[in-house]
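[1] based on what follows, work out the 3D shape:
(chains A and B)
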Amino acid sequence: MNSNYVVIGAGGIGYYLIESLVRFLEYQAKRPVTVTIVDGDKIEEKNLARQHTLADLGRNKAQVIIEQIARKLAPKNVTLKALPLYFTNTTKNESQFKDLFADGTVAFLCVDNNATRYLAEQIVSKAYNSVLVMGGNDFEQGQAQLYVRKNGKDLSPKITDFSPDIKDLDQFPDEVGCDVAVVSEPQLLLVNQAVANAMLSLWYSQIEKQLNASNNIVSVSLNEVIVDVGKASAHQFLRTSLVKT
Amino acid sequence: MARPQFDPRNGRRIRYSDSQVYDENGNVIPYGEDHSDCSMYDQVTGLPRNVDATIQVTQHAPQAAPQGQNTQAPAVTVTRVADQAYEAVPVYDTLPGQTIRQIRGSFRHSLNLTDTMDAYVNGQLKADNDTVIAGNNVTFRERSKKRG
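    Predicted coordinates:
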């Protein structure tokens, strides 16, 4: 059973994913686990349309979320940790991140840049056992994608094998200038919520259910879910690698 | 077991629905006749959404759109990645030396290609003005969404 959960990104998608994940682990899985939230960003007024509260303006997103969950749930099975840092090429070796991707980790990537997505996938691709769930959206559409390592081998294609555009690297959040940050494109709260649910559904259907049934992950039958709140639709896919071997 | 590509009752191409609305084992839908309002398919063209389309570049000379009369081996295959089924679409061949932009335009309607789909050859991203050579398989797929 997985006991180490990591959520990188506590913004639009992460805000909705984290509380649902902790509720599930606390009240339905009922096993002792650690959930670590990683985000170096602070809450700004522009975030209030989709996440967080007026009272927390200026505070770190990861820290605020674990305080909110602790107040609401006072979880006994789930140990919550906040790391108020960006996870980047320059910070990945810092001591706080030392055990972030320990063997057996389930990582949820709720970030808004490909540089972090690619970095996380590269780390997971060297793990013995690990699960990586990525999410992303534009205004109305979004996707959840899954990559699973088992016993030192890929149980499913890498996400960049079927979405190579993730390798089209942009900047890490600590490299983005204010001029770029200010003109970020609008997003719908509904699509953030839909992607968070799709990520959790993908993890639950492909990982958690198998572990509950046999304490073993045998296979992956779906590795991408595409949601479109403009069409009220969600579709599942088993993507194969675009790279012919 | 390979799924049949044509409906023996009427000779029309069969399209398999990946929608949970349908029984995956039994229910097939005649190509272009899905009026189910299933959002998996474009209700105007009847073509599936969000699936990859792979175009095989051959050395045949280009031919006029055949109106279903092309008797040569199909030069184009659509890879239905969602269910691992394959569907041959007998549209006209592409000529080596064409650009990605030309191929996208040629197959825009028949394969439901959009301008937001990236083109890959053997997993490598290609620009619109890159050219293809015989033996290339050009796969078009939607870019992943980036915000979060």
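[2] helix or strand: which one has B:Ile133?
    For B:Ile133, there is no enclosing helix or strand under DSSP states H and E.
[3] name the residues of the strand or helix carrying A:Met199 that are buried.
    Using DSSP H and E, A:Met199 sits in helix A:189-203. The neighbour-count check on helix A:189-203 (16 or more other Cβ atoms under 10 Å in any protein chain shown) flags A:190-203 as buried. (C-beta placed from N, C-alpha, C; glycine too.)
[4] output the residues you listed as JSON lines; include the columns distance to chain B and pLDDT.
    Formatted as JSON lines, the buried residues of helix A:189-203 follow (distance: Cβ to the nearest Cβ, whole Å; pLDDT from 0 to 100):
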{"residue": "A:Leu190", "distance to chain B": "13", "pLDDT": "96"}
{"residue": "A:Val191", "distance to chain B": "9", "pLDDT": "96"}
{"residue": "A:Asn192", "distance to chain B": "8", "pLDDT": "96"}
{"residue": "A:Gln193", "distance to chain B": "12", "pLDDT": "97"}
{"residue": "A:Ala194", "distance to chain B": "11", "pLDDT": "97"}
{"residue": "A:Val195", "distance to chain B": "8", "pLDDT": "98"}
{"residue": "A:Ala196", "distance to chain B": "10", "pLDDT": "98"}
{"residue": "A:Asn197", "distance to chain B": "14", "pLDDT": "98"}
{"residue": "A:Ala198", "distance to chain B": "11", "pLDDT": "97"}
{"residue": "A:Met199", "distance to chain B": "10", "pLDDT": "98"}
{"residue": "A:Leu200", "distance to chain B": "14", "pLDDT": "98"}
{"residue": "A:Ser201", "distance to chain B": "13", "pLDDT": "97"}
{"residue": "A:Leu202", "distance to chain B": "14", "pLDDT": "97"}
{"residue": "A:Trp203", "distance to chain B": "16", "pLDDT": "98"}
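[5] shaky segments in the chain?
    Just going to use chain A. A:1, A:177-184, A:244-245 (pLDDT under 70).
[6] actually chain B
    Scanning chain B for pLDDT under 70 picks out B:1-51, B:58-96, B:110-111.
[7] next SSE downstream of the helix or strand hosting A:Arg149?
    Per DSSP H and E, A:Arg149 falls inside strand A:141-150. Using DSSP H and E, the helix or strand that follows strand A:141-150 in sequence is strand A:153-154.
[8] quick one on the thing from earlier: the helix holding A:Met199 to strand A:141-150, inter-axis angle?
    Calculated by axes from the mean of the first three to the mean of the last three Cα atoms, to 10 degrees, helix A:189-203 forms an angle of 20 degrees with strand A:141-150.
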